[in-house]
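Enquirer: with the sequence up front, the predicted model follows.
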Amino acid sequence: MRTTLVIVPLALAAVVAVPLAVAAVPSRSAVPVAGTGIAWRSCGKEPGTECASVRVPQDWSRPDGRRISLNVARRKATGERLGTLFYNPGGPGMGVAGLVRDWAPQFFSKELLARFDVVGVDPRGVAGSGQIRCKVPVHDPQVRQFPRTEREYEAMVAHNRKVGESCDPLIRHVDTASVARDFDAVRAALGETKVSYLGRSYGTILGTEYARLFPGRVRAMALDAVVDHGMDTRRMVPDAASAVEHSFDRFAAWCDRTAECALHGRNVGQVWDALVKKAERAPIPVTGGRAVTAEELRYTAYALLTLLPEFGNGLAKGIAQAEKGDASLLAETRSEALDDPASTAAYRSILCQDIAPRISGFAALKARKRQVERRAPHMRGTSEFWDMTTGCAGWPVPPSNPQAPVHISGVPPVLLVGNAHDPATPLAWARSLSRGIEGSRVLATESDGHTAYLRNSCATGHIDRYLVTGALPSASTCKADAVK
């Protein structure tokens, strides 16, 4: 669920403690910020863009204790201002303030930029808000996330523990409920009674938490590519495995009917399976770089599946090149997805606070592995949610904000959007979360890839109109845009 200038999954790290009392902190307003309002300064290249910092408690259960600083950017409305729109594009682990400051036209429609002051807050532990550092790299290609033996399982657990123990102490305070309280601190500092919110991928977990804690402070909320944080991991992981496999099958079908595909005229599933088996015997070489393992091949393919249909031929070319003994094209995506130490450290630390692995030992993991492999014979159960649960096994800080049934009332109607062919966040999750948010509605698109906003014109129009007017769309589905 992570982001660059295009939306990539919730996160692609090779994975991806607060005391339990923190989760029970009352839904009180943020503590007052020193002084009144926010001390903005001009920043960025575009007029009307401002930056600032807001101080909040490191531990919301101890509001008078140590404070940390949040990095905030605001792009002021260019037209008739309607209010403030908070934004989170996903991740977690990628900065938000920089996107609002420097890339707003790539992330928001002209309509939203005209009507709202758009605010981006780097979540605690991310980018300018005290970037988490871990001395031990999160991703180690020698450590299997799909362990075949008890010994490999123990090595994975030991590695995860070693990574967590090497990280900044802030990893105990980066759960998404704390991030939601941070957002409310920024709202209070802005002097806003209510705010609107647009969240994508991981940003939907954040939006859910904010609506749960502060329902009366929401004017409108659109959640795109929904993660149902009320869903147990034992259902999440198989669901995600099926979604990835479905996306791979659609990629293979596209290649079968598209002459431009680098694998056209061949059985894509067989080509892929043979390549993965070859990588299991020995990693695929990379010109001038580290060879790519079988697990890395699958996670890299998953990353590119989130960008269908635009990156379909990029994936096909990468597979064709790797089949000939050079995985350089796929290694470029691996580097972005797995090897960035800053984003992977934050990603792992945050999600290990929010996702309970539900793994009691190697036997339990082996049974889960068999389950996802049955659902996904080509991708073998590869998904971010497998990545999260195995990556958090052995993490030294227990989850403080694990999944729990969602029951939200007193919030204005919420719009949930999902793609029918999204490999990262299945459409079914939008529907299941909707049942826990009173008065919400699901808009489904027939699109491939991850997220719909600015990727599906019909969904984009409905999201814009909803955020401006507060009225839910009458339509329940959107067709996929024609591929240009």
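Expert: Perfect, thanks for sending it. Here the structure is a predicted model, which means the values were calculated and not measured.

Enquirer: contacts and neighbour counts: CA atoms only from here.
Expert: Will do.

Enquirer: from memory residue 279 sits against residue 296, does it?
Expert: No: the criterion here is C-alpha atoms under 8 Å, and residue 279 misses it with residue 296 at 9.4 Å.

Enquirer: in this structure residue 283 contacts residue 295, no?
Expert: No: taking contacts as C-alpha under 8 Å, residue 283 lies outside contact range of residue 295: 9.6 Å.

Enquirer: any regions of the stretch 351-484 of the chain where pLDDT drops low?
Expert: For the stretch 351-484 of the chain, residues meeting the criterion pLDDT under 70 lie at 484.

Enquirer: quick one: the helices in it?
Expert: For the stretch 351-484 of the chain, the helices defined by DSSP state H, counting those that start in this stretch cover 362-375, 384-392, 427-434, 457-469.

Enquirer: using a markdown table, please lay out the ones you listed together with distance to residue 218.
Expert: Converted to a markdown table, these look like this (distance: least, C-alpha to C-alpha, whole Å):
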| stretch | distance to residue 218 |
| --- | --- |
| helix 362-375 | 38 |
| helix 384-392 | 29 |
| helix 427-434 | 16 |
| helix 457-469 | 11 |
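
Enquirer: out of these, which one sits most buried?
Expert: Neighbour counts (mean count of other C-alpha atoms under 10 Å) averaged over each of the helices of the stretch 351-484 of the chain peak at helix 384-392, with a mean of 27.

Enquirer: helices or strands up against that helix?
Expert: helix 150-165, helix 233-257, helix 341-354 (3 or more C-alpha pairs under 8 Å, 6 or more residues apart in numbering; DSSP states H and E).

Enquirer: what angle do the longest one and helix 362-375 make?
Expert: Compare the direction of helix 233-257 with that of helix 362-375 by axes from the mean of the first three to the mean of the last three C-alpha atoms, to 10 degrees and you get 30 degrees.

Enquirer: if you count neighbours, what's buried in helix 233-257?
Expert: Using 16 or more other C-alpha atoms under 10 Å as the test for burial, helix 233-257 gives 233, 236-252, 254-256.

Enquirer: same check on stretch 86-105?
Expert: Going by 16+ other C-alpha under 10 Å, stretch 86-105 has these buried residues: 86-102, 104.

Enquirer: any regions of the chain where pLDDT drops low?
Expert: Counting by pLDDT under 70, the chain has low-confidence residues at 1-36, 484.

Enquirer: what are the structural domain limits within it?
Expert: 20-133+170-232+404-478, 242-401 (automatic domain parsing).

Enquirer: of these, give the one that comes closest to residue 159.
Expert: Closest approach to residue 159 among these (C-alpha to C-alpha): domain 242-401, 8.1 Å.

Enquirer: show the end-to-end separation of that closest one, please.
Expert: Terminal residues of domain 242-401 are spaced 26 Å apart (C-alpha to C-alpha, to the nearest Å).

Enquirer: could you do stretch 121-129 as well?
Expert: 8 Å.

Enquirer: do the same with stretch 432-446
Expert: OK, stretch 432-446 end separation, C-alpha to C-alpha: 18 Å.

Enquirer: what are the buried residues along it?
Expert: So stretch 432-446, judged by 16+ other C-alpha under 10 Å, has buried residues 432-434, 436-437, 439-446.

Enquirer: show me the helices in the stretch 151-300 of the chain, by range?
Expert: Remark: helices assigned in the stretch 151-300 of the chain by DSSP H, counting those that start in this stretch are 176-190, 202-213, 233-257, 268-281, 294-305.

Enquirer: name the residues of the fourth one that are buried.
Expert: Translated: helix 268-281. By neighbour count on 16+ other C-alpha under 10 Å, the buried set for helix 268-281 is 268-269, 272, 275-276, 278-279.

Enquirer: remind me what that helix packs against, helices and strands.
Expert: helix 233-257, helix 294-305, helix 312-323.

Enquirer: with the longest one instead?
Expert: Contacting helix 233-257 under the criterion 3+ C-alpha pairs under 8 Å, 6+ apart are the following elements: helix 268-281, helix 294-305, helix 362-375, helix 384-392, strand 414-421.

Enquirer: I'd like the ones you listed as CSV, with distance to residue 159 appended.
Expert: Below are those laid out as CSV (distance: least, C-alpha to C-alpha, whole Å):
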stretch, distance to residue 159
helix 268-281, 21
helix 294-305, 16
helix 362-375, 15
helix 384-392, 9
strand 414-421, 34
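
Enquirer: looking at the ones you listed, which is nearest to residue 114?
Expert: strand 414-421 (20.9 Å).

Enquirer: picking that back up, to residue 144, which of the domains of the chain lies closest?
Expert: Judged by C-alpha to C-alpha, the one of the domains of the chain that comes nearest to residue 144 is domain 242-401, at 7.7 Å.

Enquirer: quick one: the closest one to chain centroid distance?
Expert: 16 Å (C-alpha atoms, centre = their mean, to the nearest Å).

Enquirer: okay, which residue of the chain is out on the far edge from center?
Expert: residue 265 (34.7 Å; C-alpha atoms, centre = their mean).

Enquirer: burial count for residue 73?
Expert: 27 (other C-alpha atoms under 10 Å).

Enquirer: so the nearest residue to it once chain neighbours are set aside bridges to which residues?
Expert: Nearest non-adjacent residue to residue 73, counting by C-alpha to C-alpha, 6 or more residues apart in numbering: residue 51, 4.4 Å away. In this entry, residue 51 is beta-bridged to residue 41, residue 73, by DSSP bridges.

Enquirer: residue 51: neighbour count?
Expert: Residue 51 has 23 nearby residues by other C-alpha under 10 Å.

Enquirer: that one contacts residue 70, doesn't it?
Expert: No: if you go by C-alpha under 8 Å, residue 51 and residue 70 don't touch, sitting 10.7 Å apart.

Enquirer: now stretch 460-473, how far from the chain's geometric center?
Expert: With C-alpha atoms, centre = their mean, you get 23 Å for stretch 460-473.

Enquirer: convert the C-alpha atoms of that stretch to CSV, please.
Expert: The C-alpha coordinates for stretch 460-473 follow below in CSV (Å, rounded to 0.1, in the frame of the first residue of the first chain):
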residue,chain,number,x,y,z
THR,A,460,-12.7,10.1,-9.3
GLY,A,461,-15.8,12.2,-10.3
HIS,A,462,-17.9,10.5,-7.6
ILE,A,463,-15.3,11.0,-5.0
ASP,A,464,-14.8,14.7,-5.9
ARG,A,465,-18.6,15.4,-5.8
TYR,A,466,-19.0,13.6,-2.6
LEU,A,467,-16.2,15.4,-0.8
VAL,A,468,-17.5,18.8,-2.1
THR,A,469,-21.2,18.2,-1.5
GLY,A,470,-21.3,15.5,1.2
ALA,A,471,-23.8,13.6,-0.8
LEU,A,472,-23.1,9.9,-1.5
PRO,A,473,-23.3,8.9,-5.2
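
Enquirer: could we number from 706 for the rest of this?
Expert: Yep, numbering from 706; the last one is stretch 1165-1178 now.

Enquirer: give me the contacts around that stretch.
Expert: 787, 814, 816-817, 820, 901, 924-927, 1118-1120, 1146, 1157-1159 (C-alpha atoms under 8 Å, 6 or more residues apart in numbering).

Enquirer: skip the chain neighbours and tell me the closest residue to residue 1034.
Expert: Per C-alpha to C-alpha, 6+ apart, closest to residue 1034 is residue 1023, 5.2 Å.

Enquirer: distance of residue 1113 relative to residue 1054?
Expert: 26 Å.

Enquirer: tell me the spacing between the nearest residue to residue 745 once chain neighbours are set aside and residue 822.
Expert: Of all residues not flanking residue 745 in the chain, residue 757 sits nearest, at 5.0 Å (C-alpha to C-alpha, 6+ apart). Look at residue 757 and residue 822: by C-alpha to C-alpha, they are 14 Å apart.
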